[in-house]
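Peer 1: Predicted model follows, preceded by the sequence.
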Amino acid sequence: NIRVVDPATVPRSPVSPRKSLNLLLALFGGGIFAVGLAFFFEYLDNRVKSPEEIKNYLGLPFLGLVPAIKDKDHAEDALLHRGVSHQFAEAFRTVRTNVLFSLAEGSGGRSVVVTSTAPREGKTLVASNLSIALAQAGQRVLLVDADMRKPRVHEVFGAKQAPGLSNVLVGNAKASESVNRGPVENLWLLPAGVHPPNPAELLNSRRFKDFLATLEEHFDWVIVDSPPVMAVSDSAVIAHLADGV
């Protein structure tokens, strides 16, 4: 009771796998997964990536955006009076303008502390170029190196480290002997001086507070280069005495 109804024929193409359909589904599924993964990592990324986020999340005024320097070992060459690019110079002029408008002009000088979170983030370069930019605008500026642990201002400007701030605070040097003229008109430099065993105590002393007040009487701007705020407490001590940070 068995008979052949119709003989089988060889198919012209395989039934499986269906390559076109599989490729289309893979492309569609991979695209959805990639977009979802990108949004997931973006959701986890809480870093500050734009000036607007600084204002929104930190509640701080945005003073300027400075280009990064790739060769940090030769950062002392990136000073405004040494022929830097127009974009680099204009960035610091913008910072200078915003700093000028941020602090109202009073009867005496104004003091600003420049710090960073960690070492080698550019605080000395910012403090130096801000001082130069203010001096080029006709302001009498004193750049003070208050980083007595790892001073850099004297290296950037090719000056002597001592006598300096530490020598003045301990009383073995006068301010007139420690303050030097800078390479730009209206700019003066006060190096860090010799390495003291107790920098935080010196900066927290009454003598430093009075000395800073005296400097503000003789200069329009006192720019203080301080140590990283996450490493030591020196910057927090100086910040309470200054007009801005």
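Peer 2: Here it is on my side, so go on. Numbers count the residues shown, from 1 in each chain.
Peer 1: Are we agreed that residue 81 is in a strand?
Peer 2: No: secondary structure of residue 81 (DSSP: H, G, I helix; E, B strand; the rest coil): helix, not part of a strand.
Peer 1: Give me the number of neighbouring residues for it.
Peer 2: Residue 81 has 16 neighbours, counted by other Cβ atoms under 10 Å. C-betas here are computed from N, CA, C, even on glycine.
Peer 1: Please apply the same query to residue 184.
Peer 2: When neighbours are counted by other Cβ under 10 Å, residue 184 registers 18.
Peer 1: ditto for residue 172
Peer 2: Neighbours of residue 172 using other Cβ under 10 Å come to 12.
Peer 1: measure it to residue 211 for me?
Peer 2: 14 Å (Cβ to Cβ, to the nearest Å).
Peer 1: Tell me where the protein has helices.
Peer 2: Listed in chain order, the helices of the chain (DSSP state H) span 19-44, 51-53, 86-102, 123-136, 153-157, 165-170, 175-178, 199-203, 206-218, 234-239.
Peer 1: of all the ones you listed, which lies closest to residue 12?
Peer 2: helix 19-44 (14.9 Å; Cβ to Cβ).
Peer 1: List the contacts of the lowest-mean-pLDDT helix or strand in the chain.
Peer 2: Least confident element among the helices and strands of the chain, by mean pLDDT, DSSP states H and E: helix 51-53 (a mean of 86). Residues outside helix 51-53 that contact it (Cβ atoms under 8 Å, 6 or more residues apart in numbering): 62, 65.
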